[in-house]
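My questions concern the predicted model and sequence given below.
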Amino acid sequence: MRISVIYTGGTIGMVSSPNGLVPGADLQGWLEKLLAGTDLDGVAELTELPRLIDSSNATPADWQAILDAIKAEDADAFVILHGTDTMSYTAAALSYARVGAKEPVVITGSQLPLGAPGSDAGKNVMGALTAASSGKVGGVSLYFGDHLLAGNRTTKVSSWGFEGFASPVIPPLATAGGPWHWNSLEMGATAGNLPKEEIRRYARHDVTVVDLVPGITAQRLRALLTPAPEAVIIRAFGVGNCPSDEPGFVDVIKDLVSGGVPVVISSQCMQAEVVLGAYETGEVLAKVGCVGAADMTLEAVYAKLVFLLSQGLSASEIRDWMQKPICGEL
């Protein structure tokens with residue numbers, strides 16, 4: 001077996017500088033020492049992307065760069081070393097673009113650089129490599145802090161804890177230990193539905209995310225959405241509720257939908273399933289043409305919208321696909 005380890009940047013390989021942490025660690029030497037004498041010795045080969053970034057600087061072009069790097073490598077499995085800030089966005093994005101691919105992809109990183117005392121880097125990389133070489137998982141997954149999670153079901157829950165990620169609405173695919181405990185549910189998505197036979201490359205698209213708060217006015221909402229973006233995610237209350245009594249509020253959203261802008265209603269709750277007809281305050285959104293995000297995370301919703309827009313779909317096609325699973329994201 002050959003596992004391609006692709007470093008994209010991020011804390012795991014960073015070193016201190018006068019301007020804060022920047023990429024610069026000897027990842028190759030560190031990886032060789034980490035695997036020396038283990039069953040994975042000589043199995044993993046490291047590749048660094050030409051442009052190493054802090055993941056806070058990631059764009060859809062960086063998602064595509066990872067996909068291109070995977071395509072260029074002849075490997076049985078892939079481990080992506082990635083910064084934690086936008087790791088869940090990347091995991092979701094890769095999952096949509098790799099529907100049907102047979103080689104598993106496991107994304108990981110660390111809260112502390114590999115050279116820091118008590119770093120979680122070694123533990124996370126060994127866990128990701130173990131998962132990637134297990135033959136038990138497919139699709140795109142994320143390993144962090146003893147848990148293997150479905151990639152498009154994850155969200156970052158801590159900027160400091162070693163259990164930095166969670167999949168709020170489904171259990172982990174596996175929990176590391178002696179031995180590992182593998183969940184009996186699907187081990188990641190390896191097959192699914194695609195809107196087009198030939199997948200187009202990721203491109204940057206204007207998708208706006210708006211969080212509702214008590215007291216938000218129609219005037220403020222309209223200002224936030226002018227000029228109109230290509231798609232909108234509204235993070236609403238509870239199961240998809242909005243301040244329907246606020247004068248003109250729903251009209252702003254109706255005007256967007258009428259203008260051909262897909263509007264997806266998500267929830268501010270980590271554990272929720274959006275049901276727009278459950279309350280009057282959500283039914284009004286359904287009536288003007290919004291669609292609910294079901295139980296998708298924000299990261300999965302955002303990456304899915306960018307993916308669908310990159311495929312050149314119409315607004316009605318996007319609304320339809322946001323309600324259907326591509327690879328287990330809802």
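Great, that's in hand. Computed from a predicted structure; not experimentally measured.

Distance check, A61 against A286.
According to C-beta to C-beta, to the nearest Å, A61 stands 35 Å off from A286. Placement of C-beta: from N, CA and C, glycine included.

of the two, who's got more company?
The residue with more neighbours, out of A61 and A286, is A286; 15 against 12, by other C-beta atoms under 10 Å.

A helix includes that one, no?
Yes. Counting by DSSP: H, G, I helix; E, B strand; the rest coil, one finds A286 located in a helix.

my read: N183 touches L149, true?
No. If you go by C-beta atoms under 8 Å, N183 and L149 don't touch, sitting 10.2 Å apart.

Compare the two (neighbour count), which wins?
For N183 and L149, the more surrounded residue by other C-beta under 10 Å is L149, and the numbers stand at 25 against 15.

any idea which helix or strand carries the more buried one?
Under the criterion DSSP states H and E, the helix or strand holding L149 is strand 147-150.

So what's the gap between the next helix or strand after that strand and the chain middle?
Downstream of strand 147-150, the next assigned helix or strand under DSSP H and E is strand 155-156. On the basis of C-alpha atoms, centre = their mean, to the nearest Å, strand 155-156 is displaced by 8 Å from the centre of the chain it belongs to.

quick one: strands adjacent to strand 155-156?
When pairs are called by DSSP bridges, strand 155-156 turns out to pair with strand 165-166 (antiparallel).

quick check, distance from the strand it pairs with to the centre of its chain.
Here the centre of mass of C-alpha atoms in strand 165-166, compared against the chain's by C-alpha atoms, centre = their mean, lies 11 Å away.

and if you look at stretch 227-234?
Remark: stretch 227-234 is offset 20 Å from the chain centroid, using C-alpha atoms, centre = their mean.

what mean pLDDT does the helix or strand harbouring R235 have?
Using DSSP H and E, the element containing R235 is strand 231-236. Model confidence over strand 231-236, given as mean pLDDT, is 98.

mind listing what's buried in it?
For strand 231-236, a neighbour-count test (16 or more other C-beta atoms under 10 Å) marks 231-236 as buried.

got the CA positions of that strand in PDB?
What follows is strand 231-236, C-alpha atoms only, in PDB (Å, rounded to 0.1, in the frame of the first residue of the first chain):
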ATOM      1  CA  ALA A 231     -26.800  32.500  -3.200                       C
ATOM      2  CA  VAL A 232     -27.700  33.200   0.400                       C
ATOM      3  CA  ILE A 233     -27.500  31.100   3.500                       C
ATOM      4  CA  ILE A 234     -29.700  32.400   6.400                       C
ATOM      5  CA  ARG A 235     -28.800  31.000   9.700                       C
ATOM      6  CA  ALA A 236     -32.200  31.200  11.400                       C
END
